[in-house]
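no sequence on this one, just coordinates:
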């Protein structure tokens, strides 16, 4: 079986035209692995209350049986009147059909214009998800085509451009693989001048409070927006404690505040995170 259009990027806009008198003093950024969008009504409810300027979502379904064949990114954007960009991480072989394939991937949403969308498909990938002849094509085995990626999008905040990197690093592999994927993203970020604000966020499947990954981020001059406010971003389970694997980092002439993990929100197997962010001239 071959996969088509995996590099295709979907965009859409449901923003009502408004006149902006002056740029905002601060922005709110939300990052969240939404677990396919299985609880879409709760997801929309939280995001509506969050009133974020930029939203980075991982595991957003498109035409999957488990989420009633909805385009989750489009549904959220339409309900909340946002712009959106969606990139296909995997084709889900057990969730669609040959004539109507199903996908899941990353979505970046904003009430501000989004431009310059592109995909970094990581060079190093796990073989875990590939189809095997001895596995039946049923949902529990999650056979997939594609690979982990970073979705890069620029948001124009009342005339100020910020670059956003929406990451989903590999869950079925070791930290060496995840750090290789992270370094590939950091290498790409070097194309931006240090005067360009960057938000780098996502599901890293990795504790970045210390270790090799944290060192790589620091060397690339990214700031941990949750410094001294770390807490698990996944719930406790029967077999393990919650893990710190979802993160928001920034680089450039910005400062962040009000880091929060919304541990009371039970709409996914990850908690949403948010920060407030100010440009240096407004700090």
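Nice, thanks for sending it over. Nothing here was measured: the structure is a model prediction, and the numbers come from that model.

For residue 92, see how far away the closest residue to residue 173 other than its chain neighbours is.
Distances taken as Cβ to Cβ, 6 or more residues apart in numbering put residue 126 closest to residue 173, at 4.5 Å, once the chain neighbours are dropped. C-betas here are computed from N, CA, C, even on glycine. Residue 126 is 16 Å from residue 92, where distance means Cβ to Cβ, to the nearest Å.

Settle it for me: which of those two has more neighbours?
Legend: neighbour count by other Cβ atoms under 10 Å for residue 126 and residue 92, higher for residue 92 (26 against 15).

The nearest residue to that one once chain neighbours are set aside and residue 167, how far apart?
Leaving aside its chain neighbours, residue 92 sits nearest to residue 102 (4.5 Å; criterion: Cβ to Cβ, 6+ apart). Going from residue 102 to residue 167 by Cβ to Cβ gives 22 Å.

Looking at these two, which is more packed in?
Comparing residue 102 with residue 167 by other Cβ under 10 Å, the one with more neighbours is residue 167, at 28 against 21.

And the pLDDT for the more buried one?
Residue 167 is assigned a pLDDT of 98 by the prediction.

My read is that it contacts residue 206, right?
No: between residue 167 and residue 206 there is no contact under Cβ atoms under 8 Å: 10.2 Å.

Report the set of residues contacting both of those two.
By Cβ atoms under 8 Å, 6 or more residues apart in numbering, residue 167 and residue 206 have these common neighbours: residue 182.

which residues touch stretch 255-274?
For stretch 255-274, the surrounding residues in contact (Cβ under 8 Å, 6+ apart) are 28-35, 38-39, 42-43, 45-46, 50, 52, 201, 203, 223, 225-226, 229, 231-235, 245-248, 250, 275-278, 280, 283.

okay, how far is it across that stretch, tip to tip?
One end of stretch 255-274 sits 14 Å from the other (Cα to Cα, to the nearest Å).

List the buried residues for it?
256, 259-262, 265, 267-268, 270-274 (16 or more other Cβ atoms under 10 Å).

again, but for stretch 144-151
Buried residues in stretch 144-151 (16+ other Cβ under 10 Å): 144-151.

Give me the packing partners of the worst-scoring helix or strand of the chain on mean pLDDT, helices and strands only.
Least confident helix or strand of the chain, by mean pLDDT, DSSP states H and E, is strand 144-146 with a mean of 90. Other elements packing on strand 144-146 under the criterion 3 or more Cβ pairs under 8 Å, 6 or more residues apart in numbering; DSSP states H and E are strand 83-92.
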